[in-house]
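Asker: next come a sequence and a model predicted from it.
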Amino acid sequence: MSKAKTPARPEIEMLAVERLVPYAKNAKKHDDRQVAAIAGSIREFGFTNPVLIDGQDGIIAGHGRVLGARKAGLAEVPCIRLAHLTDAQRRAYILADNRLAETGGGWDAAMLAAEVESIDWEELESFGLDDMDLGEMMGQFDAQEADAPELKDGDRAPFRQATFTLHDEQWEEVEAALAKAKKDGGGESAVNENSNGNALAWICRAFNGGRNG
């Protein structure tokens, strides 16, 4: 089985967004929220990751970035042409690129928390992450770091655990509210280590007319 020769040094070309052709059988989908986030990242940081294309300007990797660039109003984007790939290689690369982005390690909880806390988010007008995204990132390790204390005989007093059933749309609102409360300092308490519980109590206190702070 012969293999195509790989160029030693690929060159970056600036091509018009409208010139690029999406792969019709691309199995990876991009919803409106993701595209908006990509566009926000492009506006804030610039277009930092070239689109990979084939010899006929067909997109191999970067469908989401092209959609984000179009939404951000970019007329052209940097591209790297992989004209040396065979048809089989091109198809396999498209699948592999999408899949590899979803696999691998998770977050270092302590490092992530330190980074989130150290960034002045108000300096960033549009950065591709909203409060819900930050809440999802923080929520990945919140339960592990802040479980209610395990007491003998299953007794958790003076703590209470509650279970709620929410529709996906309702959860998005709740998750966003928790993230905002944590951002404003509502995730900390002297009597509870669970930041989600603290944030919920903080929100309820405000709703009931109490003072937060």
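Answerer: Yep, that arrived.
Asker: and for R99, the neighbour number?
Answerer: Counted with other Cβ atoms under 10 Å, residues neighbouring R99 total 11. Quick note: C-beta positions are derived from backbone N, CA and C, even for glycine.
Asker: tell me the contacts of it?
Answerer: Contacts of R99 were listed using Cβ atoms under 8 Å, 6 or more residues apart in numbering, and none were found.
Asker: same check on S189?
Answerer: Contacts for S189 (Cβ under 8 Å, 6+ apart) come out as 198, 201.
Asker: at 10 Å instead, please
Answerer: 195, 197-199, 201-202 (Cβ atoms under 10 Å, 6 or more residues apart in numbering).
Asker: and V51, what are its bridge partners?
Answerer: Counting by DSSP bridges, V51 is bridged to C79.
Asker: doesn't A61 make contact with it?
Answerer: Yes: judged on Cβ atoms under 10 Å, V51 makes contact with A61 at a distance of 7.0 Å.
Asker: looking at these two, which is more packed in?
Answerer: Between V51 and A61, counted using other Cβ under 10 Å, V51 has the larger neighbour count: 25 against 22.
Asker: which residues does that one contact?
Answerer: Each residue near V51 by Cβ under 10 Å, 6+ apart is listed here: 12-13, 15, 17, 20, 57, 59-66, 69, 77-81.
Asker: just the helices in the chain please.
Answerer: 32-45, 63-72, 87-100, 109-118, 131-145, 168-183, 195-207 (DSSP state H).
Asker: by mean pLDDT, show me the worst of the ones you listed.
Answerer: Note on the helices of the chain: lowest mean pLDDT is at helix 131-145, with a mean of 51.
Asker: what sits closest to H30 if chain neighbours are left out?
Answerer: In space, and not counting its chain neighbours, H30 is closest to G64: 4.6 Å by Cβ to Cβ, 6 or more residues apart in numbering.
Asker: on that earlier part again, out of the contacts of S189, which are buried?
Answerer: 195, 197-199, 201-202 (16 or more other Cβ atoms under 10 Å).
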